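Asks: The following comprises the amino acid sequence and a computationally predicted model.
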Amino acid sequence: MIKVFFSYSHKDEELRNELETHLAALKRQGVIETWHDRRIGAGVDIDREIDQHLELADIILLLVSPYFIASDYCYDVEMKGAIERHSAGETVVIPVILHPCDWKGAPFGKLRATPTDGKPVSKFSNLHDAFLEITQDIRAVAKSIATEREIEISNTQVASNPIRGQVKKRPVGLQPRSGNLRVRKKFADLDRSRYVAESFEYMANYFENSLAELEARVAKINADFRRIDANTFTASIFESGDCVSSCKIWLSSDTNSSGEIRYSTSTSGNSWNESIHIEDDGYSMGLRAMGFHFMQQHERDKLLTKEGGAELFWSMLIGSLQ
């Protein structure tokens, strides 16, 4: 999966949140995973954590604004490191122009910016039009990186496993061959069971962290996360003391041996509104929603990642507040 890093000023956090919302489809489809500094937990070394994720990023988004350029950390640390890795061919830097500012003379000024022609997001009459362009650009870059990666892996595999009886006289990369070298896999029941259990644990952590962040950001919001047992947790959101949204999520094995993760708007009882189970496409495992919650057809057809499954259920919980 392609790793995307957000470099931005906290004064632009609202627009970063909006962009991340538009990237939800890419995350659900398993195309990308995103990271920004709001994911850093308490007690973690901030600089070290940012450096590690910056070094691992396949795509680095520079959310450009006057605040970004004025920030010593954004400009001198994150942007500098990003440009160095871009120049070395280790990542792709995409300037995302949020607000009008003098950015063309910056080290990233010669890179193709988004939206088209570097038009600032704030200049669009409808911000969704701007974020759609940005999302499409990110999708295209992610697809290109993924394709190059598959070719490199294929080259490496063929080079290290020459066909029996043949002597390799030239580097494999110089010989004609097909790029269609994927081989189907068979996943055992144990693999499936572990994947579902890992997905549930990921979801529990995702909800606990998201509720804590929501409570920290919005003064009138209080949140409650409760781990009932190893296979069940509840989440509730309170606004000015009144419960406005709640859910129960649990790992069930009623219908199949691998188990499935169920979502209910009621924190008691066993009725459920949505369910996620494991499937595979012959090459990798993923999660499939039953589709009771409103989803686009192309979203139903795609296997979800662990993050995609967690985000689907989170959107059901927070939807009534948005």
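Replies: That came in fine, so what should we check first? Owing to the predicted nature of the structure, the values given are computational and were not obtained by experimental measurement. Numbers count the residues shown, from 1 in each chain.

Asks: where in the stretch 201-322 of the chain is pLDDT low?
Replies: 255-257, 292-301 (pLDDT under 70).

Asks: repeat that with 90
Replies: 252-259, 266-271, 280-286, 290-308, 320, 322 (pLDDT under 90).

Asks: Run through the residues that contact Lys248.
Replies: 228, 232-234, 263-264, 266-268 (C-beta atoms under 8 Å, 6 or more residues apart in numbering). To be clear about C-beta, it is placed using only N, CA and C from the backbone, and glycine gets the same treatment.

Asks: please redo it, this time with the cut-off set to 7 Å
Replies: 232, 234, 264, 266-267 (C-beta atoms under 7 Å, 6 or more residues apart in numbering).

Asks: hmm, which two among those are most spread apart?
Replies: Across the contacts of Lys248, no pair lies farther apart than Thr232 and Ser266, at 12.8 Å, counting by C-beta to C-beta.

Asks: quick revisit: just the buried residues of the contacts of Lys248.
Replies: For the contacts of Lys248, a burial check counting by 16 or more other C-beta atoms under 10 Å picks out 232, 234, 264, 267.

Asks: nearest to Arg217, of those?
Replies: For the buried ones among the contacts of Lys248, the nearest to Arg217 is Thr234 (21.3 Å; C-beta to C-beta).

Asks: Can you say which helix or strand has the closest one in it?
Replies: Thr234 belongs to strand 232-239 when assigned by DSSP states H and E.

Asks: And Phe225, by the same measure?
Replies: strand 221-229.

Asks: Direction included, what does the lengthiest strand in the chain pair against?
Replies: Taking DSSP state E as the criterion, the chain has its longest strand at strand 242-252. Using DSSP bridges, the strands paired with strand 242-252 are strand 232-239 (antiparallel), strand 260-264 (antiparallel).

Asks: Tell me how far that strand lies from the chain's centre.
Replies: Put simply, strand 242-252 sits 23 Å off its chain's centre (C-alpha atoms, centre = their mean, to the nearest Å).

Asks: What is the burial count for Thr114?
Replies: Counted with other C-beta atoms under 10 Å, the neighbours of Thr114 add up to 23.

Asks: With Ser236 instead?
Replies: As a burial measure, Ser236 scores 18 neighbours (other C-beta under 10 Å).

Asks: Provide a list of residues in contact with it.
Replies: Ser236 touches 223-224, 243, 246, counting by C-beta under 7 Å, 6+ apart.

Asks: Just give me the closest of the residues you listed to Asn17.
Replies: Checking those against Asn17 with C-beta to C-beta, the nearest one is Ala223 at 17.1 Å.

Asks: Tell me how far the residue nearest to that closest one when sequence neighbours are not counted lies from Ile40.
Replies: Closest residue in space to Ala223, ignoring its immediate chain neighbours: Leu211 at 3.8 Å, by C-beta to C-beta, 6 or more residues apart in numbering. From Leu211 across to Ile40, the span is 17 Å (C-beta to C-beta, to the nearest Å).

Asks: circling back: was I right to think the residue nearest to Ala223 contacts Ala235?
Replies: Yes - if you go by C-beta atoms under 7 Å, Leu211 and Ala235 touch, sitting 6.0 Å apart.

Asks: which residues touch the strand holding Phe225?
Replies: For strand 221-229, using C-beta under 7 Å, 6+ apart, the contacting residues are 204, 207-208, 211-212, 214-215, 233-239.

Asks: where do the helices sit along the stretch 1-150 of the chain?
Replies: 13-22, 24-28, 46-56, 66-70, 72, 80-87, 127-160 (DSSP state H, counting those that start in this stretch).

Asks: Of all those helices, which one is nearest Phe108?
Replies: Checking the helices of the stretch 1-150 of the chain against Phe108 by C-beta to C-beta gives helix 80-87 as the closest, at 6.2 Å.

Asks: buried stuff in the closest one?
Replies: Going by neighbour count (16+ other C-beta under 10 Å), the buried part of helix 80-87 is 81-83, 85-86.

Asks: CA atoms only: put that helix into PDB for me.
Replies: The C-alpha trace of helix 80-87 is given here as PDB (Å, rounded to 0.1, in the frame of the first residue of the first chain):
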ATOM      1  CA  LYS A  80      13.800  20.100   3.100                       C
ATOM      2  CA  GLY A  81      13.800  16.400   3.900                       C
ATOM      3  CA  ALA A  82      11.000  15.800   1.400                       C
ATOM      4  CA  ILE A  83      12.800  17.600  -1.500                       C
ATOM      5  CA  GLU A  84      16.000  15.700  -0.700                       C
ATOM      6  CA  ARG A  85      14.200  12.300  -1.000                       C
ATOM      7  CA  HIS A  86      12.300  13.500  -4.100                       C
ATOM      8  CA  SER A  87      15.600  14.500  -5.800                       C
END
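
Asks: what about Trp35, how many residues close to it?
Replies: Neighbour tally, Trp35, other C-beta under 10 Å: 18.
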